[in-house]
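coords please:
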Amino acid sequence: MENDWRCLRRQFPSSRVAVLWNPAESGNVRNFKETEDAAQSLGLKLLSLGLPTPNDLDNALQSSIRNRAGAIIIIRSPAYTTIGEKIVDFAGKNRLATMFPEKETVEAGGLNVLCAKHRR
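Prediction:
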């Protein structure tokens, strides 16, 4: 994961990054902690956008703008299967870098994919 963060840091040097994650999933909690550790080692500030369901997505995304995030990282969650395109549209309109956990969202217009096995 730290290599993904280094890549993001090179492409978009903003020091503030929003992370969309699901605090209701134990795997997401672990991944968020790893994300915090990687970001801290690179001197990045994280904005936690804990989102247990997609219902508050608009508020979470607006929070990223209010808090001047330069990028949004999305941690994979089954609860998020239908919101990828909405995040892509929001990020494009607000000039935010994005990193998604699945290549399908990247193919729909997201910037980058986190999972190393999908890199080209």
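
and the residue most central in space within the chain, bridged to which residues?
Residue closest to the average C-alpha location in the chain (C-alpha atoms, centre = their mean): residue 73, at 1.2 Å. For residue 73, the beta-bridge partners under DSSP bridges are residue 19, residue 99.

doesn't residue 56 fall inside a helix?
Yes: judged by DSSP: H, G, I helix; E, B strand; the rest coil, residue 56 forms part of a helix.

quick one: it from residue 40, how far?
Separation of residue 56 from residue 40 (C-beta to C-beta, to the nearest Å): 26 Å. Backbone N, C-alpha and C define where each C-beta goes, glycine included.

Repeat that for residue 94.
25 Å.

Flag the shaky bits of this protein, pLDDT-wise.
Counting by pLDDT under 70, the chain shows low-confidence ranges at 1-14, 101-120.

And the helices in it, which stretches?
With DSSP state H as the criterion, the chain has helices at 2-11, 26-41, 57-66, 84-93, 103-107.

Make CSV out of those helices and add mean neighbour count and distance to residue 17.
Shown next, in CSV, are the helices of the chain (neighbours: other C-beta atoms under 10 Å; distance: least, C-beta to C-beta, whole Å):
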stretch, mean neighbour count, distance to residue 17
helix 2-11, 15, 7
helix 26-41, 15, 6
helix 57-66, 15, 9
helix 84-93, 16, 12
helix 103-107, 16, 17
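
Save those as a markdown table, and put in distance to residue 48 too.
Listed next are the helices of the chain as a markdown table, based on distance: least, C-beta to C-beta, whole Å:
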| stretch | distance to residue 48 |
| --- | --- |
| helix 2-11 | 15 |
| helix 26-41 | 7 |
| helix 57-66 | 10 |
| helix 84-93 | 16 |
| helix 103-107 | 20 |
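
Quick check: closest non-adjacent residue to residue 51.
residue 60 (5.1 Å; C-beta to C-beta, 6 or more residues apart in numbering).

circling back to that earlier point, measure the residue nearest to the centre of the chain to residue 36 for me?
From residue 73 over to residue 36 (counting by C-beta to C-beta), the distance is 11 Å.

The residue nearest to residue 51: what's it in contact with?
Residue 60 makes contact with 20, 49, 51, according to C-beta atoms under 8 Å, 6 or more residues apart in numbering.
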